[in-house]
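Colleague: Sequence and predicted structure below; questions after.
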Amino acid sequence: MLASCFSTLLTQSTNPKLFLTTPSARNGKKIKAMASNSSPKRETDPKKRIVITGMGLVSVFGSDIDVYYNKLLAGESAISLIDRFDTSDFAVKIAGQIRGFSSEGYINGKDDRRLDDCWRYCLVAGKRALDDANLGKQVIEAMDKTRMGVVVGTGRGGFTTFSNGMEDLINGREITPFFIPYVMPNMGPALLAIHTGFMGPNYSIEAACATANHCIVAAANHIRAGDADVMVAGGTEAVVIPVGVGGFIACRTLSHRNHDPHKASRPWDIHRDGMVMGEGAGVLIMESMEHAMKRGARVYAEYLGGAVTCDAHHITNPQPDGLVVASCIIKALGNAGVSAEEVNYVNAHATSTPAGDLAEVKAIKKVFNNTSHLKMNATKSMIGHALGAAGGLEAIATIKAINTGWLHPTINQDELEGEVTIDTIPNVKKQHQINVAISNSFGIGGHNSVVVFAPFTP
């Protein structure tokens, strides 16, 4: 059955030279991807074409989109020693910790004091994205809000609320009445709906570090299915707290380069020793082209398609040969209606883990036989891994690359792994006219997600 499923998938590949091999533990058979009988076709229906009309974020570089991307272009590392709590007893003392965050103008004082940071980041990023899309309160009052929805996910939810609640329980203190709602992962989109009045599709997806991309794909599907005209989509995360850092230390996934934080996140470098935790939120406003054009919206880029798959392999480790990741990229390109040859930029997942970085490269090489025209970089080299929010922050970086014609560098590229023969934009930004871009996100449990963006042409 598995071989049959893969055969069906791969015969739809747009790359006739692609060869993939299923895991030998399953059946050891080679499956050849046959050329499609027809060229891939992009969506042409203006009700189903999807454009990005707004972006909002909360990041370790602040909440301004241009400042965020300019610091990425400058190759500035935001990784530093944690000062939010005492790390004396922690083996890892570094993270991409947000400092100086302000919700002024977006959340009232009472809610701001009550809310978990996860939801504060979500609300600010979401509202900034709506403002960026010229969808402020007065504008949306005149719209059909039953056709406006929110799909914003999180890998952990209200983790500070959960941690504090457990301490209260253990110490015999009264648990806050907000414990249950603020722990639940659906609270981000729920709060955004309460604040905006959006009555369309509304929920959270939890797919570990692939969460935000899963939400982007789901939001797009609602628009293409005719359920909505406007969707708010992305991810939010706030886990740089003792139990969060301690938990990841126990998983043995983090870099221990405490003596040199700026050099700790180093995707594809032979001296990498693990990922660096980050936090924040990244949100897109996705809109049908028809709706956006009718209201005269500014368009940043077009969402062409996306896909999600699962390795079905291990709770933490990726499938080493990258086979199912490759299938996810192929499915995303098929959904987008583009050929592999059209793609010339990859915003990679690239967490700086020894196994994950190479598995992703293997997958990319399986899909793109000729990588001479391909550019690939790692946003996490500067901001760390924001877990469920990573895909949202990286989608914004991808769209800014489309808009500016500049790719940010992958920093700390001192000695690349021999298998990495693709241009990783080492250490210094590079000009590059993007034709089609993909952004990859993968998560613990084997969750894979790929989204496809391109410059917008009406």
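Modeller: Noted; the coordinates are in hand.
Colleague: When you work out contacts or count neighbours from here on, use the C-alpha atoms and nothing else.
Modeller: Noted.
Colleague: How is this structure divided into domains?
Modeller: As given by automatic domain parsing, the domain ranges for the chain are 1-37, 50-294, 306-454.
Colleague: Averaging pLDDT per element, find the lowest-scoring helix or strand in this structure.
Modeller: strand 30-32 (a mean of 32; mean pLDDT, DSSP states H and E).
Colleague: which is the next helix or strand following that one?
Modeller: Next helix or strand after strand 30-32 toward the C-terminus (DSSP states H and E): strand 50-58.
Colleague: Show me what that next one is in contact with.
Modeller: Strand 50-58 has contacts (CA atoms under 8 Å, 6 or more residues apart in numbering) with 63-65, 121, 124-134, 220, 223, 280-289, 292, 297-304, 393, 396, 456.
Colleague: Inside strands: which ones of those residues?
Modeller: Counted as lying in strands by DSSP state E, out of the contacts of strand 50-58, are 280-288, 301-304.
Colleague: closest to Lys93 among these?
Modeller: Using CA to CA, Gly280 comes nearest to Lys93 of the ones in strands among the contacts of strand 50-58, at 18.5 Å.
Colleague: contacting residues for that closest one?
Modeller: 57-60, 98, 118, 121, 236-238, 386, 389.
Colleague: What's opposite it in the beta bridge?
Modeller: Taking DSSP bridges as the rule, Gly280 bridges to Glu237.
Colleague: same deal with the one 4 residues further on?
Modeller: Each beta-bridge partner of Leu284 is listed here: Met55, Ala233, as defined by DSSP bridges.
Colleague: give the contact list for it.
Modeller: 52-56, 126, 129, 232-234, 392, 396.
Colleague: Quick one: which of the residues you listed is the most crowded by neighbours?
Modeller: Of all the contacts of Leu284, the most densely surrounded is Gly234 (39 neighbours; neighbours counted as other CA atoms under 10 Å).
Colleague: Distance of that residue relative to Gly157?
Modeller: 14 Å (CA to CA, to the nearest Å).
Colleague: What of Ile194?
Modeller: 18 Å.
Colleague: Walking through the stretch 251-400 of the chain, point out its strands one by one.
Modeller: Remark: strands assigned in the stretch 251-400 of the chain by DSSP state E, counting those that start in this stretch are 280-288, 301-310, 343-347, 375-377.
Colleague: Need these in TSV (columns: mean pLDDT and distance to Leu333).
Modeller: Formatted as TSV, those follow (pLDDT from 0 to 100; distance: least, CA to CA, whole Å):
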stretch	mean pLDDT	distance to Leu333
strand 280-288	98	19
strand 301-310	98	7
strand 343-347	98	9
strand 375-377	98	17
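Colleague: which residues touch stretch 447-457?
Modeller: 51, 207-208, 210, 213-214, 216-217, 299-311, 325, 328-329, 332-333, 336, 398-399, 402-403, 434-442.
Colleague: quick one on the thing from earlier: show me which of the strands of the stretch 251-400 of the chain has the highest average neighbour count.
Modeller: Neighbour counts (mean count of other CA atoms under 10 Å) averaged over each of these peak at strand 280-288, with a mean of 32.
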